[in-house]
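J.: missing the sequence, but the structure's below:
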């Protein structure tokens, strides 16, 4: 397995873990809120009036779903694409014709830029 594939699989595992953990925290908060509502204990609602308790798990769940369904920005940031780039200016040479960079004119060979 290539390292890029392994990285994407690990992103999916992290996404599953984060989304399940966030969902469990949301359900725990909601169930304790419903118990407090049904019992109607005094002073209980003051602890549940703070929405920050559910905001953290909601963000965790959303991040987990994002990572599971690709995490494109994070994956592209960590692992740049396999496209050929000019060694001098960094121009994308995927559609370059000939043996010179379209941006700066630096000569290159197709074999040199294949794994850059």
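T.: Right, received. Where do you want to start? Every value quoted in this text rests on a predicted model; they were computed, and no experiment measured them. Numbering: from 1, shown residues only.

J.: State the mean pLDDT of the host helix or strand of residue 24.
T.: Counting by DSSP states H and E, the element that carries residue 24 is helix 3-39. Per-residue pLDDT values across helix 3-39 average out to 86.

J.: From here on, call the first residue 24.
T.: Got it, first residue is 24 now, which makes that one helix 26-62.

J.: Next one, pLDDT for the residue lying closest to residue 30 once chain neighbours are set aside please.
T.: Leaving aside its sequence neighbours, residue 30 sits nearest to residue 102 (C-beta to C-beta, 6 or more residues apart in numbering; 5.9 Å). C-beta here means a position set from N, CA and C on the backbone, and glycine is covered the same way. Listed pLDDT for residue 102 reads 74.

J.: cool, residue 87 as well?
T.: Confidence score, pLDDT, at residue 87: 92.

J.: Relative to residue 35, how far out is residue 96?
T.: 15 Å (C-beta to C-beta, to the nearest Å).

J.: Going by neighbour count, which residues in the helix holding residue 47 are buried?
T.: Using 16 or more other C-beta atoms under 10 Å as the test for burial, helix 26-62 gives 31, 34, 37, 38, 41, 42, 45, 46, 48, 49, 52, 56.

J.: Over to stretch 86-97?
T.: Neighbour counts over stretch 86-97 (16+ other C-beta under 10 Å) mark 86, 87, 88, 89, 90, 91, 94 as buried.

J.: Could you save those residues as JSON lines and add columns showing distance to residue 76?
T.: Listed next are those as JSON lines, based on distance: C-beta to C-beta, whole Å:
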{"residue": "86", "distance to residue 76": "17"}
{"residue": "87", "distance to residue 76": "18"}
{"residue": "88", "distance to residue 76": "20"}
{"residue": "89", "distance to residue 76": "22"}
{"residue": "90", "distance to residue 76": "23"}
{"residue": "91", "distance to residue 76": "24"}
{"residue": "94", "distance to residue 76": "26"}
